[in-house]
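Would you be able to build a 3D model of this:
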Amino acid sequence: MEEAIAKAGALIEAMEYIRRFRGRIVVVKLGGSVLDDTSLQRKLLTDIAFMATVGMQPIIVHGGGKAITKAMNEAGLEPVWVQGRRYTDERTLTIAEHTLVHKVNAGICKTLTELGCEAMGLHSLGSCALFAETLRLEGEDGRKLDLGLVGQVVDVNAQMLKTLCADGTIPVIAPLAQAKVGGKLNVNADSAAGKVAAEVGAEKLVVVSDTHGIRTDVGDPDSLVSSLNEAQIKDMIDTSIITDAMLPKVEACLTALDAGVRKAHIIDGRIAHSLLLEIYTDKGIGTQIIKN
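Predicted coordinates:
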């Protein structure tokens with residue numbers, strides 16, 4: 001009986017959030033081991049199916065770096081990294097495109113369909129939602145570093161995404177973009193998700209990965225910070241508390257917030273129902289980032 005009462009209480013708590021977010025777009029970025037573990041992925045996609053069922057309008061942006069590295073190794077190619085980004089030549093892009101489209105993206109769409117949702121994959125081999133310019137990083141000596149066919153998203157087909165959402169279809173976006181000057185570019189999925197959230201005027205951006213959120217001490221689980229504002233985030237970047245793989249996730253959140261997205265969240269997808277707990281409960285389990 002107590003367990004049943006607790007479940008009823010959770011539903012009542014969720015009701016306020018369900019009402020508040022009905023009809024609102026939420027961008028969910030999926031990455032990390034979520035994409036490698038089919039059981040874990042299905043559980044997260046079940047959460048997203050729930051969101052769609054109660055009236056939210058989810059848009060998924062996914063990564064797939066580990067799968068691309070595995071496919072490259074199988075093809076006898078050794079990845080080359082430049083400041084943490086994969087150098088992408090024509091052969092690497094072909095492998096990345098095949099992996100992201102036919103394995104990762106198609107797999108997500110198939111699972112969502114099995115869960116009773118309408119889903120549409122958006123990528124460079126079909127309808128593409130992302131448009132990019134070639135990305136050049138600056139080295140320590142001030143010179144521009146060549147990353148090959150790697151891009152920075154500069155435009156999003158927001159109208160197409162909004163139309164799909166309004167029709168009850170979940171857009172599933174691969175991190176591949178059409179180049180402004182022609183051709184295709186590989187793009188960072190975190191950065192793409194931040195730009196998508198900004199351009200569609202999302203209510204929230206939720207970055208789902210293998211991290212519990214933002215910690216003041218990476219090695220101390222008790223140092224998790226449940227809420228941070230933009231100024232605090234920038235201070236943590238300046239003092240090198242936020243570095244490496246967390247940096248593009250945080251920068252994506254700031255991109256979204258600067259465009260008017262109300263909140264951004266970074267959560268651990270390995271925790272059961274982390275997505276629903278972060279969105280539909282008072283406490284949440286990851287780190288939420290808000291404007292100052």
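
Give me the pLDDT value at I237.
pLDDT, I237: 90.

quick one, strands of the stretch 1-150 of the chain?
25-30, 57-62, 81-82, 85-86, 118-122, 130-138, 144-156 (DSSP state E, counting those that start in this stretch).

how about the fifth one: buried residues?
Using 16 or more other Cβ atoms under 10 Å as the burial criterion, the residues of strand 118-122 that qualify are 119-122. The way it works is simple: take the backbone N, C-alpha and C, and place the C-beta from them, glycine included.

isn't G260 right up against G201?
Yes. Between G260 and G201 there is a contact at 6.5 Å, judged by Cβ atoms under 8 Å.

More neighbours: those two, which one.
Between G260 and G201, counted using other Cβ atoms under 10 Å, the more crowded position is G201 (14 against 11).

Pull the contacting residues for the more buried one.
Contact partners of G201, counting by Cβ atoms under 8 Å, 6 or more residues apart in numbering, are 25, 158, 259-261.

By neighbours, which of those residues wins?
Result: V261 is most packed of those (other Cβ under 10 Å), 26 neighbours.

list the contacts for that residue?
197-198, 201-205.

So which of the contacts of G201 sit within helices?
In helices, judged by DSSP state H, the following of those are found: A158.

which one of the contacts of G201 is nearest M72?
When the contacts of G201 are compared for distance to M72 (Cβ to Cβ), A158 wins out at 32.5 Å.

And the closest one, how far from F131?
Remark: distance between A158 and F131 (Cβ to Cβ, to the nearest Å) = 11 Å.

ok so, going back, any of the contacts of V261 buried? List them.
197-198, 202-205.

Can you add distance to T281 and give the residues you listed back as CSV?
Shown next, in CSV, are the buried ones among the contacts of V261 (distance: Cβ to Cβ, whole Å):
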residue, distance to T281
A197, 21
A198, 26
A202, 20
E203, 16
K204, 14
L205, 18
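
Strands - which of these land there?
Using DSSP state E, the members of these that fall in strands are 204-205.

Make a markdown table from the buried ones among the contacts of V261 and add distance to L176 and pLDDT to it.
Listed next are the buried ones among the contacts of V261 as a markdown table, based on distance: Cβ to Cβ, whole Å; pLDDT from 0 to 100:
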| residue | distance to L176 | pLDDT |
| --- | --- | --- |
| A197 | 18 | 98 |
| A198 | 19 | 97 |
| A202 | 21 | 96 |
| E203 | 26 | 94 |
| K204 | 24 | 94 |
| L205 | 20 | 96 |
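
Around R143, how many other residues sit close by?
Going by other Cβ under 10 Å, the residues that sit close to R143 add up to 10.

Next, find the distance separating it from T113.
48 Å.

just checking, what packs against the helix or strand bottoming out on mean pLDDT in the chain?
Within the chain, judged by mean pLDDT, DSSP states H and E, the helix or strand with the poorest mean is helix 2-21; its value is a mean of 78. In terms of contacts (3 or more Cβ pairs under 8 Å, 6 or more residues apart in numbering; DSSP states H and E), helix 2-21 is packed against helix 274-280.

so how far is the helix it packs on off the chain centroid?
15 Å (Cα atoms, centre = their mean, to the nearest Å).

Would you tell me what the next helix or strand after that helix is?
Going down the chain from helix 274-280, the next helix or strand is strand 287-290, by DSSP states H and E.

What lies in contact with that following strand?
Here strand 287-290 makes contact (Cβ under 8 Å, 6+ apart) with 213-214, 224-230, 233, 250, 253-254, 257, 262-267, 278.

who does it pair up with?
strand 227-229 (parallel), strand 263-268 (antiparallel) (DSSP bridges).

how about low-confidence regions in the stretch 1-150 of the chain?
The stretch 1-150 of the chain contains residues with pLDDT under 70 at 1.

If we use 90, what do you get?
Filtered on pLDDT under 90, the stretch 1-150 of the chain yields the residue ranges 1-21, 32-34, 36, 65, 79-86, 136-146.

Is W81 bridged to anything, and to what?
Counting by DSSP bridges, the residues bridging with W81 are R86.

pretty sure it contacts T88?
No. The criterion here is Cβ under 8 Å, and W81 misses it with T88 at 11.0 Å.

Mind checking which of these two has more residues around it?
Remark: of W81 and T88, T88 carries more neighbours, 24 against 9, as counted by other Cβ under 10 Å.
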